[in-house]
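> attaching a predicted model along with its sequence, questions to come.
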2 protein chains.
Amino acid sequence: MTRSPTPYRTLDPAGIRAFLAAQPALATRLGGQPDAWRVREVSDGNLNNVFLIDGPAGGVCFKQSLPHVRVDPDWKMPLDRTAFEAAYLRAVRPHVGNLTTELLHFDPDLFVLVVESLNGHVVLRHGLMQGGDWPKAAAAIGRFVARATFHTSPLALKFEASSALLAPFARNHTLTRITVDLVLTDPYHAHPRNHWLSPELDPIVANLRADPAVRRRVGQMQARFLTCQQALLHGDLHTGSVMVADQDSRVIDGEFALPGPIGFDCGLFVGNLLMHLFATPTPEGRTRALRDITQFWTHFRQDFTTLWTNAVAHSHSGDAYAAPLFRDDPTSLQQVQTQFLDAIEADTIAFAALEIIRRLTGYAHVADFDVIADRTARAARQEAALRLAQDLLAHPEHTSTVAALSARAADRAA
Amino acid sequence: MTRSPTPYRTLDPAGIRAFLAAQPALATRLGGQPDAWRVREVSDGNLNNVFLIDGPAGGVCFKQSLPHVRVDPDWKMPLDRTAFEAAYLRAVRPHVGNLTTELLHFDPDLFVLVVESLNGHVVLRHGLMQGGDWPKAAAAIGRFVARATFHTSPLALKFEASSALLAPFARNHTLTRITVDLVLTDPYHAHPRNHWLSPELDPIVANLRADPAVRRRVGQMQARFLTCQQALLHGDLHTGSVMVADQDSRVIDGEFALPGPIGFDCGLFVGNLLMHLFATPTPEGRTRALRDITQFWTHFRQDFTTLWTNAVAHSHSGDAYAAPLFRDDPTSLQQVQTQFLDAIEADTIAFAALEIIRRLTGYAHVADFDVIADRTARAARQEAALRLAQDLLAHPEHTSTVAALSARAADRAA
């Protein structure tokens, strides 16, 4: 019996109900009759349709690619992005467990992804904007990045395995093109997609664009993003890609997954925490934002190092820094680990700066600064964030650690 | 009509004759009747069967993968290596022209590759060992590497194109495994495949293995080889992969092709010129070896820079160091070029050292030192080469340029 492919169509709530009802495992998870299921649209990102479906027994989260950017139907886009998200979940879930969501179903014809529904979670960005506090979330995300990247790198794997694991993600051209254009290129020259709080920020934007040291560092980070394939990245790890509850933090939305430099995932997360820091009106909020940056980075670095040390000790490490060379020399292992993680730290700082600049002057802005009602005050905060970002790129030697970055950001955001 | 695949079999001279006769274009190139063709085996590398076939009208070179290492039938090996060589020729030939050979035919069932036959050329390594001099060869190989790597990198290509071009070569697992093991790992710990001029070199080999700074740098270069995918590499660019005649130099044997750091190709070539330098008994020979190192590096660096500058000026450059950022700022472009090429230079020096060490203490040795009949003298030369290599790895800060490397090598080889 050959399977006849379902032609793609965008499912409406009735279609979603029918789709889920046809999958016994999903119908059982929801329980009761399809008519009793509550279907709510919660699309929040720029790209896809997202619905939460609740039945008497439980809930699921339904995500479907659209043939265009959700927020801009004229911007046509291939459908394959949910396939990359499903592949990312399959690749990292064994290593990160409940730091992400469980993949329940993927339909390659409709490009529908169904994952477990989270209960009582909020999007971290929204929660932070409302003054919420999740003291363990940033540490959890640090652990997530450490595990997801270490275990997909040739530090952990024989190169045949890491290469085979990364290869399909190197075909994620559509979303990687968005990153290359919107994050790494467009904000540094005149492009119709760019916009900012004008005229207030006109001078700083002009200054940034005219700074040759910024452009040199941006060029270098473009090359690093495109050639340094250290591990499988999430690729879009901002605070809108994290769901939090009291004792639970989850990374979602892995559709941008690609092989790349580990500092890119770290930098996007740190950059978004920095924007929250600059946008937060209260000293307590700023103290918490600085704590989160420290927690994220400390846990990432510690966990990554521990995973690596254990792998070498048990000789199940990969072909990079191969175990036979380091097994009996813990001092040397520690030295190469420091060097490797210092390089990730430098990347993190640079990518954090790129993220700030593109979120304030490029195409897709963040909502964090909307909490500042007064336009002049908002512009001043944004300008302070942009000035810091410019200095991080133009003078990397001034800020060589995330701790130094936090200290400088604390001064400027006070 | 479906094509019925020919089952693989290793062709003997009669089989080769029949194979070529069945390809009209090849038969025409050879001319006359198959019986009149002269078939000579010239297998020289460790892996494949190679024959030269001459007819009344012209000649071809025939290469076939064996299901094992040619020089070790117990070492089984998949046949796909000639497929990678054919793909490499297709990828680089448009950019390097007659700096390599023309692909005339590839048979994916028999894993037979047929390329143009070179007339009056010798293998550069053999030629150098016999005291020959090809004053233009090293510059030509520098140009070859510049063109083959620049044009397959995201400096020249949109990332979708570079990624699609590199992806198939990331599956060259068999030969990459050889490099990872034999070049980058085995020589640094006890492994049954290792051997050296013993007992004379026992102390230096023990010293090298016991040096933690060497192991740290080796680990770092393992990671760089496996994660830094700057361009398509030849992957085995030693002096045995170069054919020379008076006014003509050709790179052959691209079966190790893989995405990797550009300094790997440069480093293998420089490392082999260094070994020739240390093995050469005459001052004139040493002067020429030093000239060749300088010529290779100068031409590589100049040509790579010029290709890059022209691409940016004409806005047909790639996504790394994107043209909109550098088109109107030649000073910044020059600065990032210097930085990028300095990093390749550091890689070149480290990979040259790794090549020397593996060729004197690992599995596959080079013949260069065989010209020294006296065993004690030979050991002294090899020891001097190994001491330099050790210092290059343990103290990269002592030797940051190829010019400095040449000066140090000249002192030690005198």
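That came through, no problem. All values derive from a computational prediction rather than experimental measurement.
> so for residue A:70, what's the pLDDT?
We have a pLDDT of 85 for residue A:70.
> check the gap between it and residue A:113 for me.
Separation of residue A:70 from residue A:113 (Cβ to Cβ, to the nearest Å) stands at 15 Å. The C-beta positions use only the backbone N, C-alpha and C, and glycine is treated the same way.
> any idea where the helices of the stretch 1-150 of chain A begin and end?
A:13-21, A:24-30, A:81-96, A:124-129, A:137-150 (DSSP state H, counting those that start in this stretch).
> list just the one of these that sits closest to residue B:43.
helix A:81-96 (42.6 Å; Cβ to Cβ).
> which one of the helices of the stretch 1-150 of chain A has the most crowded surroundings?
helix A:137-150 (a mean of 25; mean count of other Cβ atoms under 10 Å in any protein chain shown).
> tell me what it is packed against?
helix A:81-96, strand A:231-233, strand A:242-245, strand A:248-251, helix A:262-279, helix A:283-313 (3 or more Cβ pairs under 8 Å, 6 or more residues apart in numbering or on different chains; DSSP states H and E).
> nearest to chain B, out of these?
Chain B lies closest, by Cβ to the nearest Cβ, to one member of those: strand A:231-233, at 8.4 Å.
> what helices or strands is that closest one leaning on?
Strand A:231-233 packs on helix A:81-96, helix A:137-150, helix A:159-166, strand A:258-260, helix A:262-279, going by 3+ Cβ pairs under 8 Å, 6+ apart.
> nearest to residue A:58, out of the helices of the stretch 1-150 of chain A?
Nearest of those (Cβ to Cβ): helix A:24-30, 5.0 Å.
> any stretches of chain A with poor pLDDT?
Counting by pLDDT under 70, the low-confidence segments of chain A come to A:1-5.
> quick check: domain ranges of it?
Taking automatic domain parsing as the reference, chain A has its domains at A:13-116, A:122-413.
> does stretch A:313-324 reach chain B?
Yes. Using Cβ under 8 Å from any Cβ of the partner chain, stretch A:313-324 reaches chain B at A:319, A:320, A:321, A:322, A:324.
> what are the buried residues along that stretch?
A:317, A:318, A:319, A:320, A:321, A:322, A:323, A:324 (16 or more other Cβ atoms under 10 Å in any protein chain shown).
> tell me the contacts of the residue most central in space within chain A?
By Cα atoms, centre = their mean, chain A has its centre lying nearest to residue A:237, at 0.9 Å. Residue A:237 makes contact with A:141, A:145, A:251, A:265, A:268, A:269 under the criterion Cβ atoms under 8 Å, 6 or more residues apart in numbering or on different chains.
> and the last one, how many neighbours?
Okay, so that is residue A:269. By other Cβ atoms under 10 Å in any protein chain shown, 32 other residues sit near residue A:269.
> ditto for the third one
By other Cβ under 10 Å, the residues close to residue A:251 number 25.
> so how far is residue A:98 from it?
10 Å.
> what's the most buried one of the domains of chain A?
On a mean-neighbour basis (criterion: mean count of other Cβ under 10 Å), the most buried of these is domain A:122-413, at a mean of 20.
> which bits of the stretch 51-200 of chain A sit near chain B?
Going by Cβ under 8 Å from any Cβ, the residues of the stretch 51-200 of chain A near chain B are A:153-155, A:159-160, A:162-163, A:167, A:170-171, A:173, A:176-177, A:180, A:184-185, A:188-189.
> in helices, which of the residues you listed fall?
Using DSSP state H, the subset of those located in helices is A:159, A:160, A:162, A:163, A:173, A:176, A:177.
> find the nearest non-adjacent residue to whatever residue of the stretch 51-200 of chain A ends up closest to chain B, please.
Going by Cβ to the nearest Cβ, chain B is nearest to residue A:189 of the stretch 51-200 of chain A, at 4.1 Å. In space, not counting the residues next to it along the chain, residue A:189 is nearest to residue B:324; the distance is 4.1 Å by Cβ to Cβ, 6 or more residues apart in numbering or on different chains.
> and the host helix or strand of the one you found, what does it pack onto?
Assigned by DSSP states H and E, residue B:324 belongs to helix B:323-326. Packing contacts for helix B:323-326, counted by 3+ Cβ pairs under 8 Å, 6+ apart, involve helix A:212-227, helix B:283-313, helix B:330-361.
> residue A:410 is nearest to which of the ones you listed?
helix A:212-227 (22.8 Å).
> so the closest one versus helix B:262-279, what angle?
For helix A:212-227 against helix B:262-279, the angle by axes from the mean of the first three to the mean of the last three Cα atoms, to 10 degrees is 90 degrees.
> for residue A:104, see how far away residue A:58 is.
On the measure of Cβ to Cβ, residue A:58 and residue A:104 end up 11 Å apart.
> residue A:233 too?
24 Å.
> same check, this time on residue A:53
Distance from residue A:53 to residue A:104, by Cβ to Cβ: 11 Å.
> any shared contact partners between the two?
Counting by Cβ under 8 Å, 6+ apart, the residues touching both residue A:53 and residue A:104 are residue A:60.
> do I have it right that residue A:347 meets residue A:265?
No. Counting by Cβ atoms under 8 Å, residue A:347 stays clear of residue A:265, with 9.8 Å between them.
> that older thread, which one of the contacts of residue A:237 is nearest residue B:209?
residue A:145 (35.3 Å).
> so who does that closest one touch?
Counted by Cβ under 8 Å, 6+ apart, residue A:145 has contacts A:234, A:237, A:262, A:265, A:266, A:269, A:300, A:304.
> with only the CA atoms kept, save stretch A:386-402 in CSV.
The C-alpha coordinates for stretch A:386-402 follow below in CSV (Å, rounded to 0.1, in the frame of the first residue of the first chain):
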residue,chain,number,x,y,z
LEU,A,386,23.5,50.7,21.1
ARG,A,387,26.5,52.7,22.4
LEU,A,388,27.5,49.6,24.5
ALA,A,389,27.0,47.3,21.5
GLN,A,390,29.1,49.6,19.3
ASP,A,391,31.9,49.6,21.8
LEU,A,392,31.8,45.8,22.1
LEU,A,393,32.3,45.4,18.4
ALA,A,394,34.8,48.3,17.9
HIS,A,395,36.9,47.5,20.9
PRO,A,396,36.6,43.8,21.8
GLU,A,397,39.8,44.2,23.9
HIS,A,398,37.9,46.4,26.4
THR,A,399,35.5,43.7,27.2
SER,A,400,36.9,40.2,27.1
THR,A,401,34.6,38.4,29.6
VAL,A,402,30.9,38.2,30.2
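> which residues does it contact?
So stretch A:386-402 is contacted by A:201, A:204-205, A:207-208, A:211, A:213-214, A:217-218, A:270, A:274, A:293-294, A:297, A:342, A:345-346, A:348-350, A:352-354, A:356-357, A:360-361, A:404-405, A:408-409, A:412 (Cβ under 8 Å, 6+ apart).
> ok, back up a step: for the helices and strands packed on strand A:231-233, which one sits closest to residue B:36?
That would be helix A:159-166 among the helices and strands packed on strand A:231-233, by Cβ to Cβ, at 46.5 Å.
> you'd agree residue A:255 is up against residue A:178?
No. The pair residue A:255 / residue A:178 is not scored as a contact, 10.3 Å apart, by Cβ under 8 Å.
> and stretch A:63-75, how far apart are its ends?
19 Å (Cα to Cα, to the nearest Å).
> tell me how far the helix holding residue B:324 is from the chain's mean position?
Once both centres are worked out by Cα atoms, centre = their mean, to the nearest Å, helix B:323-326 turns out to sit 33 Å from its chain's centre.
> convert it to CSV, retaining C-alpha atoms only.
Output in CSV follows, covering the C-alpha atoms of helix B:323-326 (Å, rounded to 0.1, in the frame of the first residue of the first chain):
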residue,chain,number,x,y,z
ALA,B,323,30.6,43.6,0.0
PRO,B,324,28.1,46.3,1.3
LEU,B,325,30.3,46.7,4.4
PHE,B,326,33.7,46.9,2.6
